[in-house]
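> Sequence first, then the predicted structure, then my questions.
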Amino acid sequence: MELAQGIVKAAALLGAGMCMGMGALGPGVGEGFVAGKACEGIARSPENASLITRTMLVGQAVSESTGIYSLVIALLLIFST
Amino acid sequence: MVKKKKGSILKVFLIFFVLELIIVFLSSDFNKQLQIGFQDGKFVFRNVQTTYDLQEKITEEFQIDEHYKRTGEEPKIYQSNKLYEFFKKIFGKASAIGTFQLLRMLLIVDFVLLLIAFLIKKRIFERPSKPQIMFELLYGAFEEFVVETLSEKRRHFTPYIVTLFIFIWICNMIGMIPIPGFMEPTRNLNVPLGLGFAAVVVVHVTAIKTKGLWRHLQNYINPVKNPLFLLDIVGEISKVVSISFRLFGNILGGAIIILVVSSLVKYVVFPVGLNLFFGIFVGTIQAFVFTMLALTYIGVEVVE
């Protein structure tokens, strides 16, 4: 019984680490892409800088949500097993 | 003369700062605790070894019901157990203390919101005072968003949007006040879920008002007009889930990172920067994103 519980806990912790590692890949790439595009846009039309920055922040926060889902799953794996 | 005085004051502050750094380094480890005082007639100055688990600390901070269930002791609320007994009668033993903390924080946030509202309402003049200018700027900016996203005749959505923003913002900011038991109410999943559900209800009421009940319902029950009606129903549920889990995950993750990293650096300077980023920056951005998404959901249903 002890061994089985230990194996389950170890697997859950390993799964949490892998979940965060893979879940952070997508948002990282996506947010970097958005920031690069926003830089291009500001360079092309500096008078729209505030609007572009606002839209960029909202877009980044939305594309971050998949990473946040993986964070929630990782927390569930750590704390509820 | 003045310059010299300033320099000496700075030196005194520096000495206090260095002293505090040393004391903090000596005392606030999880495994060690500094003991100063008299014991058995001797002056004692030594480290006491206690076992303090980081996991247990996180559990105490974020799952307080679980913590008290594991340790088996009765929690105390405000130095007395009467209030706890009262809450235990209502909510049952399992979640009395957690529910009490959440309700307390929500009431504090509501109180702050009401206080702001009354103070602003009392001080509305022809020549505006400083807080009035600040809140008029905020209201004006959000009114501009509402007019851009919806239309000129739907200006009356602005109070709801601004209230949503200020409520979530105060919720995210209040966790930075260093009083024991203070936490962000948005750290509990129930609060963002309720806010998201309310936003979706507002969306559908607006859609029914503009398009009529039958025309709106046909999007969800009529397979001839809308062949992918099942996907739309799932989409409505996923709206609530995505909008609320985003806020919840950001705030909870930030709080856990603040706790873990500041315990790793032994609560020296670092927590200030962490609170600046995860408290102020992420809190403001997430409150803004929540309001903007609610506004966009309304806008999608209205503009046809």
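Okay, I see it.
> from here on, contacts and neighbour counts on C-alpha atoms
Fine.
> What parts of chain A come near chain B?
A:57-58, A:61-62, A:65, A:68-69, A:71-72 (Cα under 8 Å from any Cα of the partner chain).
> Can you get me a residue count around residue 55?
Assuming you mean chain A. Each residue near A:T55 was counted by other Cα atoms under 10 Å in any protein chain shown, and the total is 14.
> other chain: chain B
Counted with other Cα under 10 Å, B:Q55 comes out at 12.
> now the one 5 residues further on
The criterion is other Cα under 10 Å. On that basis, B:E60 has 14 neighbouring residues.
> likewise the one 3 residues further on?
Residues contacting B:Q63 under the criterion other Cα under 10 Å number 16.
> in chain A, which residue is closest to the centre?
The residue lying closest to the centre of chain A (Cα atoms, centre = their mean) is A:G67, at 2.5 Å.
> how far is the helix or strand hosting that one from where the chain is centred?
Secondary structure from DSSP states H and E places A:G67 in helix A:65-79. Between the centre of helix A:65-79 and the centre of its chain there are 10 Å (Cα atoms, centre = their mean, to the nearest Å).
> Kindly report the same for stretch A:71-81.
Computed by Cα atoms, centre = their mean, the chain-centroid distance of stretch A:71-81 equals 15 Å.
> Show residues contacting that stretch.
With Cα atoms under 8 Å, 6 or more residues apart in numbering or on different chains as the test, stretch A:71-81 has contacts from A:8-9, A:12-13, A:15-17, A:19-20, A:23, B:249, B:253.
> which of those sit farthest apart?
Within the contacts of stretch A:71-81, A:V8 and B:G249 form the most distant pair, 24.7 Å apart (Cα to Cα).
> buried sites along stretch A:52-67?
Going by neighbour count (16 or more other Cα atoms under 10 Å in any protein chain shown), the buried part of stretch A:52-67 is A:52-53, A:56-67.
> Packing partners of the helix or strand in which B:A198 is found?
Here B:A198 sits within helix B:190-211, counting by DSSP H and E. Packing contacts for helix B:190-211, counted by 3 or more Cα pairs under 8 Å, 6 or more residues apart in numbering or on different chains; DSSP states H and E, involve helix B:229-264, helix B:282-302.
> Next, the angle from it to helix B:282-302.
Between helix B:190-211 and helix B:282-302, the angle comes out at 20 degrees (axes from the mean of the first three to the mean of the last three Cα atoms, to 10 degrees).
> Now do the buried residues in helix B:190-211.
Residues of helix B:190-211 classed as buried by neighbour count (16+ other Cα under 10 Å): B:191-193, B:195-197, B:199-200, B:202-204, B:206-208.
> Also stretch B:268-286?
In stretch B:268-286, counting by 16+ other Cα under 10 Å, buried: B:268, B:271, B:274-275, B:278-279, B:282-286.
> Could you do stretch B:242-262 as well?
Of all the residues in stretch B:242-262, those buried under the rule 16+ other Cα under 10 Å are B:242-255, B:258-259, B:262.
> contacts for it?
Residues outside stretch B:242-262 that contact it (Cα under 8 Å, 6+ apart) are A:65, A:68-69, A:71-72, B:54, B:58, B:172, B:184, B:186-189, B:192-193, B:195-196, B:268, B:270-271, B:274-275, B:278-279, B:282-283, B:286-287, B:290, B:293.
> returning to what we had before: between the buried residues of stretch B:268-286, which is closest to B:E73?
B:E73 has its nearest neighbour among the buried residues of stretch B:268-286 in B:P271, at 30.6 Å by Cα to Cα.
> any weak-confidence spans in the stretch 201-304 of chain B?
Low-confidence segments of the stretch 201-304 of chain B (pLDDT under 70): B:304.
> now do 90
By pLDDT under 90, the weakly predicted segments of the stretch 201-304 of chain B are B:209-233, B:235-236, B:238-239, B:242, B:253, B:255-273, B:278-279, B:293, B:296, B:299-304.
> now swap in chain A and tell me
Per-residue confidence for chain A (pLDDT under 90) gives these ranges: A:1-2, A:4-6, A:9, A:48-51, A:53-55, A:57-69, A:71-72, A:75-81.
> For it, which segments count as strands?
Taking DSSP state E as the criterion, chain A carries no strands.
> The stretch 151-300 of chain B against chain A: which residues are in contact?
B:242, B:245-246, B:249-250, B:253, B:285-286, B:288-289.
> how many other residues sit next to A:L77?
Going by other Cα under 10 Å, the residues that sit close to A:L77 add up to 19.
> if I look at it, how far off is B:V303?
Counting by Cα to Cα, to the nearest Å, the gap between A:L77 and B:V303 amounts to 42 Å.
> what do you get for B:L189?
Distance check for B:L189 against B:V303: by Cα to Cα, it reads 31 Å.
> Kindly report the same for B:F135.
29 Å.
> quick one: which of those two has more around it?
Per other Cα under 10 Å, whichever of B:F135 and B:V303 has more neighbours is B:F135, with 14 against 11.
> Three-state assignment for that one, please.
At B:F135, secondary structure determined by DSSP: H, G, I helix; E, B strand; the rest coil is helix.
> go on, B:E56?
In three-state terms, and counting by three-state DSSP, B:E56 is helix.
> quick one: contacts for it?
B:E56 neighbours (Cα under 8 Å, 6+ apart): B:H67.
> Quick check: it vs B:L21, distance?
26 Å.
> Taking the residues of the stretch 151-300 of chain B next to chain A together, which two end up most distant?
Distances among these were taken as Cα to Cα; the most separated pair is B:G253 and B:F288, at 18.0 Å.
> leaving aside the residues next to it on the chain, what's closest to B:F87?
Leaving out its chain neighbours, the residue that sits closest to B:F87 by Cα to Cα, 6 or more residues apart in numbering or on different chains is B:A96, at 5.6 Å.
> Run a quick neighbour tally on that neighbour.
B:A96 is flanked by 20 other residues according to other Cα under 10 Å.
> do the one 4 residues further on as well
Look at B:F100: counted by other Cα under 10 Å, it has 17 neighbours.
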